[in-house]
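1. Sequence first, predicted model second:
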Amino acid sequence: MNQDMGSDPRMSLKMTDRMSREDCFQFYCGPSVPCFTECCRKLDLALTPYDVLRLYTRLDKSPSEFLEDYTVIKAGSRHGFPEVFLKMDVDGEKLCPFVSKNGCTVYEDRPGACRIYPLGRASSKNRSTDLNEEFYFVVREPHCRGFEQTKNWLVDEWLSDQDLEQYNRLNDQLMELYMLGFRRGSAQFSTQQLQMFMMACYNLKKFREFIFRSSFLTKFELSSEDIELIRENDVILLEFSFRWLKFALFGIPALKLKS
Ligand code: SF4
Ligand code: SF4
């Protein structure tokens with residue numbers, strides 16, 4: 001994971017060349033490694049909307065309680081949207097609030113960034129097909145002894161072992177919004193637009209109340225089945241949030257207005 005290692009953390013990281021899902025790497029992490037939990041401190045750990053949803057559900061908190069107790073919200077990113085970071089404990093060690101000597105106390109619901117390490121994931125446009133192609137790379141952090149272990153993985157096996165498909169699918173939708181924000185250039189979002197983004201991405205309870213207690217549903221063409229899914233299922237609601245934000249902030253017809 002990307003730790004705050006002092007001067008410039010990127011200088012101490014080593015990254016491999018591009019890898020596909022069929023490529024192999026050597027790594028193991030677990031209680032037997034000498035550095036166990038060493039990486040769960042001094043992190044700049046950005047939380048995506050799906051990370052936040054998993055964590056507040058796990059902790060049986062409301063989204064607002066979770067955001068208040070566990071996160072720091074930072075402005076100033078190049079895409080123009082606020083970013084949510086996990087608040088590290090304020091003592092000198094800056095520990096993740098979820099680490100214990102036995103490991104991660106929210107393991108089944110740990111953030112996507114904790115799952116994917118030691119891999120990184122990116123995409124680039126194939127010039128001949130004009131399609132985005134995803135690729136992976138290994139990020140070697142100097143303190144991590146996991147690379148000394150003899151277990152081999154295919155990238156595809158690692159993604160499946162760490163249960164990353166749903167994280168990647170939902171996080172890609174956030175990345176689309178970031179890209180759209182980035183392409184706006186220097187034009188800033190209004191306070192109201194930023195509030196819409198924070199509500200729809202990070203406070204699904206409030207967004208659901210807004211949908212069902214305002215005239216929202218009279219404006220969009222949605223089937224009764226869709227409406228019930230939005231009412232009952234947080235993941236479906238989050239996907240709907242991304243579509244609404246594309247529509248409301250960028251004028252993309254991701255939702256259809258009633259005629
Ligand atoms: S959430 Fe869990 S895995 Fe991630 S940094 Fe915290 S303790 Fe470590
Ligand atoms: S092996 Fe690497 S990822 Fe695992 S606990 Fe050690 S430093 Fe963290």
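-> Happy to help now that I have it. Residues are numbered from 1 along each chain as shown. Ligands and ions are numbered 1, 2, ... in the order given.
2. Which residues of the stretch 1-150 of the chain lie near ligand 2?
-> Contacts of the stretch 1-150 of the chain with ligand 2, taken as CB under 6 Å from any ligand atom, map to 29, 33, 35-39, 117, 143-146. The way it works is simple: take the backbone N, C-alpha and C, and place the C-beta from them, glycine included.
3. And the pLDDT for Ser259?
-> Per-residue pLDDT puts Ser259 at 84.
4. Kindly provide the distance from it to Lys219.
-> Distance check for Ser259 against Lys219: by CB to CB, to the nearest Å, it reads 11 Å.
5. These two - which one has more neighbours?
-> Counting neighbours by other CB atoms under 10 Å for Ser259 and for Lys219 shows that Lys219 has the greater number, 11 against 4.
6. got a list of what the nearest residue to Glu165 once chain neighbours are set aside touches?
-> Among residues not flanking Glu165 along the chain, Leu159 sits closest, at 6.8 Å (CB to CB, 6 or more residues apart in numbering). Taking CB atoms under 8 Å, 6 or more residues apart in numbering as the criterion, Leu159 is in contact with 21, 116, 119, 165, 168.
7. what do you get for Asp161?
-> Residues in contact with Asp161, defined by CB under 8 Å, 6+ apart, are Trp153.
8. Next: Asn126.
-> Contacts of Asn126 were listed using CB under 8 Å, 6+ apart, and they are 132-133.
9. Look up phi and psi at it.
-> Backbone dihedrals for Asn126, given as degrees, to the nearest 10, come out at phi -80, psi 120.
10. mind listing the strands for the stretch 151-259 of the chain?
-> With DSSP state E, counting those that start in this stretch as the criterion, the stretch 151-259 of the chain has strands at 152-154.
11. I'd say Ser123 and Tyr136 touch.
-> No. Between Ser123 and Tyr136 there is no contact under CB atoms under 8 Å: 10.2 Å.
12. nearest spatial neighbour of Lys101, skipping sequence neighbours?
-> Nearest-residue entry for Lys101: Thr37, 7.2 Å, with adjacent residues in sequence omitted and distances by CB to CB, 6+ apart.
13. I'd guess Val138 is in a strand, am I close?
-> Yes. When classified by DSSP: H, G, I helix; E, B strand; the rest coil, Val138 is found to be part of a strand.
14. Next one: it from Arg41, what distance?
-> Note on Val138: its distance to Arg41, by CB to CB, is 22 Å.
15. is it true that Leu180 touches Ala248?
-> No. Checked against CB under 8 Å, the pair Leu180 and Ala248 is beyond contact range at 11.7 Å.
16. Cys35 - how many residues pack around it?
-> When neighbours are defined as other CB under 10 Å, Cys35 has 13 of them.
17. Confirm that it sits in a strand.
-> No. Looking at Cys35 with three-state DSSP, it is coil, so not inside a strand.
18. wait, it sits on Phe147?
-> No. The pair Cys35 and Phe147 does not pass the contact test of CB under 8 Å, sitting 10.5 Å apart.
19. Contact residues of the stretch 1-150 of the chain facing ligand 1?
-> Along the stretch 1-150 of the chain, the residues adjacent to ligand 1 under the rule CB under 6 Å from any ligand atom are 40, 43, 96, 98-99, 104, 106, 110-111, 114.
20. could you redo the last one with a cut-off of 5 Å?
-> Taking CB under 5 Å from any ligand atom as the contact definition, the stretch 1-150 of the chain meets ligand 1 at 40, 96, 98-99, 104, 110, 114.
21. This completes my enquiry, with thanks.
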